[in-house]
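S.K.: Quick one: sequence plus predicted model below, questions after.
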Amino acid sequence: MVHQPPAGARDLLPLEVTQKRWIADHLQQVFHRWGYHRIITSTLEWLDTLMAGGAIERSTVIQLQEYEEGTLGLRPELTASIARAMVTRIAGSTSEATFSLPQRLYYNANVFRRPTVGHHGRQLEFYQSGVELLGAGGMLADAEIILLLADCLNQLGLQQWHLVLGEAGLTRSLLSPFPQPMQDKVRSAIAHLDRVGLETLTLSAELRERALFLFDLRGHPADVLQKIASWDLAPSEQKIVNNLKSLVELINDSSATPLPLLLDLSLVQTFDYYTGIVLEVVSNTDNNQRVLGQGGRYDQLLGLYHPQGETYPGIGFCLNIEDLHYTLLSHSQLPYQTPASDWLVVPETPQAEAAAFNYSQKLRDSEHLVRVEMDLGGCSPTQIREYARCRRITYIAWIKADGTPAIETVT
């Protein structure tokens, strides 16, 4: 019998681990520089917690065992888990200083999603790095998240990408005149750039004009904002548009070089908890565009987990490590080998074995990271030297019977 991982699961070998760790480490350095601190939440969550207020669809959750308290599931994303963790701690805290707001949090973690019907074998486990800025609303917080995201991509050395910015509240408002059963069809046709499908929907002339107007609300921010300014907007919609204009101006004024920003007021994210700006990062490195990350503002989500329903504003993004890895494979900065060891310690005789272990540990106890391998016997000196060259080892320490080392530089 040939043993394989479950359909949709995969193993990562050392080189791939090294490369993905390189990506996560560079992102973590950026998070640290912006004042964010790591949070770790449980991989397991109660299904009712994940689905609170319709935040996450049941069909996306890989469900586990049922208990009297409820059904356990694997988290399909991190935002709901972090919201639950922070709000329950804040609600149970007697000291405001313990959880002063805003909270700047980041994570490196795996998430699990059940494939849709008919897609058996699709990937089940994903790795993400991301941030959540909790307790901060308004334009400055929105700008921080966007500029932090741009900094992450620049530090990875990505060249060809653009940021798609939408506004969930405005999109819902502009879709509200459509009959409820028709809203999803209109939204789907717009999201998939299906103009023909949109034109064939059974709509009145007025609603068809609105649908086509929404379809064209994507492009350079100045062009989109000018186009929507000509539309008859409700006061609440006009306020959102004005805020978007100010946000775009602030981002451009705060960047050394203009961000590759597109405004798409038909953009709708997978999860329904977004209330304000939503965003996607898209790679342009090949003919098939790849979504590298997504996020947005969720000002009602935290209230779903608070005992008294008290809510706090929140905004964040996640970056998909697998998609970043695929995109960066053609870039020279990704490691192309696993880290080499510095030393190979070789006991020349059985009497030297204990001394070899002691010498290896002495090297490892250095204040600097030193990778030390111990030769486990059975090879000739020629084979040992060949192994050291193949492994890119710098030094061989030959340990004699009396415990003294003879150092050889591998050439």
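M.R.: Yep, it's here.
S.K.: Tell me where the chain has helices.
M.R.: 14-33, 47-50, 79-91, 139-155, 168-175, 180-191, 195-199, 205-215, 221-229, 235-254, 321-328, 353-364, 381-390 (DSSP state H).
S.K.: Just put those in a markdown table and tack on mean neighbour count, distance to residue 109 and mean pLDDT.
M.R.: All C-beta atoms are positioned from the backbone trio N, CA, C, and that covers glycine. Conversion of these to a markdown table gives the following (neighbours: other Cβ atoms under 10 Å; distance: least, Cβ to Cβ, whole Å; pLDDT from 0 to 100):
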| stretch | mean neighbour count | distance to residue 109 | mean pLDDT |
| --- | --- | --- | --- |
| helix 14-33 | 16 | 10 | 95 |
| helix 47-50 | 18 | 15 | 80 |
| helix 79-91 | 21 | 9 | 83 |
| helix 139-155 | 19 | 16 | 96 |
| helix 168-175 | 20 | 24 | 87 |
| helix 180-191 | 16 | 27 | 81 |
| helix 195-199 | 14 | 37 | 85 |
| helix 205-215 | 15 | 35 | 86 |
| helix 221-229 | 16 | 33 | 88 |
| helix 235-254 | 15 | 28 | 93 |
| helix 321-328 | 20 | 10 | 93 |
| helix 353-364 | 16 | 30 | 96 |
| helix 381-390 | 14 | 35 | 96 |
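S.K.: among these, which is nearest residue 60?
M.R.: helix 47-50 (8.8 Å; Cβ to Cβ).
S.K.: so what secondary structure elements neighbour that closest one?
M.R.: Applying 3 or more Cβ pairs under 8 Å, 6 or more residues apart in numbering; DSSP states H and E, one finds that helix 47-50 makes contact with strand 70-74, helix 79-91.
S.K.: and the longest one, what does it pack onto?
M.R.: Okay, so that is helix 79-91. Packing contacts for helix 79-91, counted by 3+ Cβ pairs under 8 Å, 6+ apart, involve strand 44-46, helix 47-50, strand 103-112, strand 125-134, strand 314-320.
S.K.: Measure how it sits relative to strand 314-320, angle-wise.
M.R.: Taking axes from the mean of the first three to the mean of the last three Cα atoms, to 10 degrees, one finds that helix 79-91 is oriented at 140 degrees with respect to strand 314-320.
S.K.: Not counting its own residues, what contacts helix 79-91?
M.R.: Among residues not part of helix 79-91, those counted as contacts by Cβ atoms under 8 Å, 6 or more residues apart in numbering are 39, 41-42, 45, 49-50, 52, 55-56, 75, 99, 103, 105, 107, 132, 134, 271, 273, 298, 301-308, 310, 312, 314, 316, 318.
S.K.: Just the buried subset of these, please.
M.R.: Among the contacts of helix 79-91, the ones that count as buried by 16 or more other Cβ atoms under 10 Å are 39, 41, 45, 49-50, 52, 55-56, 75, 99, 103, 105, 107, 132, 134, 271, 273, 298, 301-306, 312, 314, 316, 318.
S.K.: Compare the helices and strands packed on helix 79-91 and say which comes out lowest on pLDDT.
M.R.: Among the helices and strands packed on helix 79-91, helix 47-50 carries the lowest mean pLDDT, a mean of 80.
S.K.: now it, how far from the centre of its chain.
M.R.: 21 Å (Cα atoms, centre = their mean, to the nearest Å).
S.K.: still on that earlier bit, mind putting the helices and strands packed on helix 79-91 in TSV, distance to residue 66 included?
M.R.: Rendered in TSV, the data for these read as follows (distance: least, Cβ to Cβ, whole Å):
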stretch	distance to residue 66
strand 44-46	11
helix 47-50	9
strand 103-112	18
strand 125-134	22
strand 314-320	29
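S.K.: Of the ones you listed, which is nearest residue 194?
M.R.: For residue 194, the closest of the helices and strands packed on helix 79-91 is strand 314-320, at 24.8 Å, according to Cβ to Cβ.
S.K.: Report how many residues lie close to the nearest residue to residue 315 once chain neighbours are set aside.
M.R.: Using Cβ to Cβ, 6 or more residues apart in numbering and skipping residues adjacent in sequence, the residue nearest residue 315 is residue 297, 4.3 Å away. When counting by other Cβ atoms under 10 Å, one arrives at 26 neighbours for residue 297.
S.K.: got a pLDDT number for residue 297?
M.R.: Residue 297 carries a pLDDT value of 94.
S.K.: which residues does it contact?
M.R.: With contacts defined as Cβ under 8 Å, 6+ apart, residue 297 is in contact with 137, 142, 168, 274-278, 313-315.
S.K.: same question, residue 174
M.R.: For residue 174, the contacting residues are 210, 214, 237, 265, by Cβ under 8 Å, 6+ apart.
S.K.: now swap in residue 37 and tell me
M.R.: 104-106.
S.K.: Save those as a markdown table, and put in distance to residue 83 too.
M.R.: Output for the contacts of residue 37, formatted as a markdown table (distance: Cβ to Cβ, whole Å):
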| residue | distance to residue 83 |
| --- | --- |
| 104 | 15 |
| 105 | 10 |
| 106 | 15 |
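S.K.: between these, which is closest to residue 160?
M.R.: Among these, residue 106 lies closest to residue 160 (Cβ to Cβ), at 25.2 Å.
S.K.: so that closest one makes contact with residue 129?
M.R.: Yes. At 7.2 Å, residue 106 and residue 129 qualify as touching, with contact defined as Cβ atoms under 8 Å.
S.K.: Measure how buried the residue lying closest to residue 73 once chain neighbours are set aside is and give me the count.
M.R.: Taking Cβ to Cβ, 6+ apart as the measure, residue 73 lies nearest to residue 61, with 4.1 Å between them; neighbours along the chain are not counted. One way to gauge burial is a neighbour count; for residue 61, by other Cβ under 10 Å, it gives 21.
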